[in-house]
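Asker: sequence and predicted structure, then a few things I'm wondering about:
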Amino acid sequence: MDQNTKRFLGIAFGWSYLCFGIVIASRQPFSSLSIPMFALFLLGCLGPLTGAVGVYLLDRRNLGGLGGMWQDTIQTENGWRGLLPALLFLLLHYGLAILLGVAGAFGPVKKLLVYLPMMLVLFGTGEIGWRRIVQPGIEAVRGGFWRSSIITGLLWSLWFLPMLFIPGFVIRSDFYMQFTAYLIGVGLLLTTLFQKSGLSGCILFSTLFFSLSAVVILRQGNYLLAVVAVDLVIAMAYNSRVFRP
């Protein structure tokens, strides 16, 4: 694990765990968090973005500081067409989840528009750290797309872990193992997008993915493993020779 990966993980986990820990200690239900506690929860979600900013600033020589981060973020393979795989992956992910009966409920479509700006800031920008810093750093040491993607997915799930202990959080704490497998599957899609479309495709996918989670509400049970299998097949197919240039 290279120095930048360690820096990112240290900042992201330290920042987020501190904020989430205070929220957990308050013992307030998630649905009725006080304004200060809800603000602290939102700040905790910004841990990955904070970690990415820290890495780019600490390694200006190689990464170019904040200017370099912005250039990495907007760079897209094949222009706007490079973003199409992100939309295709979302369609397949949620579409097949619905066909397989994994969707337990549906929220109003207007929620998608309401959540988009928030999810862009809270989770979309986090891809700068997870996909640009962590996954390539692990791949350089451990080697291989699959191994590095799985390890990154595990780290991603560990970052989410404290949220599950906030009373009344949307994801149950006893659902953590299935949730981890689910994040690994989604991570495989995101790493594939990073290699095919660059960071912009990952940010688009992650923003829409977390926004759609309020519209297409998946069941919290072993049913979700079917979606993991779907994501695995998509990643395998898109990383096959058929789709390689």
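Answerer: Received the coordinates, thanks.
Asker: pull the distance from the host helix or strand of residue 195 to the chain's centre.
Answerer: Element membership of residue 195, judged by DSSP states H and E, is helix 176-197. Computed by CA atoms, centre = their mean, to the nearest Å, the chain-centroid distance of helix 176-197 equals 8 Å.
Asker: please apply the same query to stretch 153-171.
Answerer: The chain centroid and the centroid of stretch 153-171 are separated by 12 Å under CA atoms, centre = their mean.
Asker: could you export it as CSV, CA atoms only?
Answerer: Listed next in CSV are the C-alpha coordinates belonging to stretch 153-171 (Å, rounded to 0.1, in the frame of the first residue of the first chain):
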residue,chain,number,x,y,z
GLY,A,153,-14.9,-2.8,-1.7
LEU,A,154,-14.1,-4.2,1.8
LEU,A,155,-12.5,-0.9,2.8
TRP,A,156,-15.5,1.0,1.5
SER,A,157,-17.8,-1.2,3.6
LEU,A,158,-15.7,-0.6,6.7
TRP,A,159,-16.0,3.1,6.1
PHE,A,160,-19.8,2.7,6.0
LEU,A,161,-19.9,0.5,9.1
PRO,A,162,-20.4,3.2,11.9
MET,A,163,-23.5,4.5,10.0
LEU,A,164,-25.2,1.1,10.7
PHE,A,165,-25.0,1.7,14.4
ILE,A,166,-26.8,5.0,14.3
PRO,A,167,-30.3,4.1,15.8
GLY,A,168,-32.9,3.8,13.1
PHE,A,169,-30.4,4.1,10.2
VAL,A,170,-31.8,3.0,6.8
ILE,A,171,-29.5,0.0,6.8
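Asker: name the residues of that stretch that are buried.
Answerer: By 16 or more other CB atoms under 10 Å, the buried positions in stretch 153-171 come out as 153, 155, 156, 157, 159, 160, 162, 163, 164, 166, 169, 171. The C-beta positions use only the backbone N, C-alpha and C, and glycine is treated the same way.
Asker: nothing else from me, thank you.
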